[in-house]
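J.: Next input, structure requested:
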Amino acid sequence: RGLLAVAVALLLAVALLRYEDARADLSQAQPDSEVHYYAGLSEEALGNPEKAREHFEAAAEDRKLAAAAQVQLAELSARGRDYQKAEAALKAAREAAPESERAMEESVAVLRAAHATAQRRALLRDAAKQFPGNSLLRYERTLDGTKDEGLWMHLGADADRVLNLASTYLRLGMSDDAIA
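T.: Here you go, the predicted structure:
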């Protein structure tokens, strides 16, 4: 198969959650940043976090994939309880893509897990201006004692909002927060 066909097969295998197939396609692919990113997703799903980290680090060198790859690196680090490394990756993601709500959400949650209260509160203030309707950021503010009378109605109106909060916490290895 040609290199383009191999790359397409790799992307399709990841999209279809066929990670073993993706790994096989990877062995034939020209390793560029996008291939590394999808290979990282495959290795992570197959339970190989160190191989995934290698691929995400390679993908992060590409400006167009830096934010996404850094978020993946942060999630790997957070699941390993290395919150400093996770926050460093999320900071890089926010710098690469200041509009990334996911990087902002995860930063706030990671800083809470790291007990970096002052840094977290400063980031929450910025986040409130940039993403005022974000469910996770609103919830995180209530953990600091901020009143948000409409939050529970907002979350209750759409079960996907609650599932999104839980999913974010699970990606960060924060299972207690996911079920709280």
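
J.: Tell me which residue lies nearest the centroid of the protein.
T.: residue 71 (4.1 Å; Cα atoms, centre = their mean).

J.: Can you give me the buried ones in whichever strand or helix holds that residue?
T.: For residue 71, the element it lies in under DSSP states H and E is helix 66-79. Going by neighbour count (16 or more other Cβ atoms under 10 Å), the buried part of helix 66-79 is 66-79. Every C-beta, even on glycine, is put in place using the N, C-alpha and C of the backbone.

J.: Going by distance to residue 92, which of these wins?
T.: Proximity of the buried residues of helix 66-79 to residue 92 (Cβ to Cβ) peaks at residue 70, which lies at 4.6 Å.

J.: I'd say that closest one and residue 87 touch.
T.: No - contact between residue 70 and residue 87 fails when scored by Cβ atoms under 8 Å: they sit 10.9 Å apart.

J.: re earlier: contacts only, for the residue nearest to the centre of the chain.
T.: 89, 90, 93, 100, 102, 103, 106 (Cβ atoms under 8 Å, 6 or more residues apart in numbering).

J.: how far away is it from residue 24?
T.: 26 Å (Cβ to Cβ, to the nearest Å).

J.: Then residue 113?
T.: 37 Å.

J.: Which residue of these two possesses the greater neighbour count?
T.: In this comparison of residue 113 against residue 24, neighbours counted by other Cβ atoms under 10 Å, the higher total goes to residue 113 at 20 against 15.

J.: pretty sure the more buried one is in contact with residue 174, am I right?
T.: Yes - counting by Cβ under 8 Å, residue 174 is a contact partner of residue 113 at 6.2 Å.

J.: overlap in contacts of the two?
T.: In contact with both residue 113 and residue 174: residue 78, using Cβ under 8 Å, 6+ apart.

J.: And the helices in the chain?
T.: 3-15, 19-26, 33-45, 49-60, 66-79, 83-96, 101-113, 117-130, 135-143, 151-156, 159-171, 175-179 (DSSP state H).

J.: With mean pLDDT as extra columns, can I get those in TSV?
T.: Compiled in TSV, the helices of the chain are given as follows (pLDDT from 0 to 100):
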stretch	mean pLDDT
helix 3-15	73
helix 19-26	78
helix 33-45	91
helix 49-60	96
helix 66-79	98
helix 83-96	98
helix 101-113	97
helix 117-130	95
helix 135-143	96
helix 151-156	95
helix 159-171	96
helix 175-179	93
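
J.: picking up where we left off before, next, report how far the helix holding residue 71 is displaced from the centre of its chain.
T.: In terms of Cα atoms, centre = their mean, to the nearest Å, the gap separating the centre of helix 66-79 from the centre of its chain is 6 Å.

J.: Same check on stretch 24-42?
T.: Between the centre of stretch 24-42 and the centre of its chain there are 19 Å (Cα atoms, centre = their mean).
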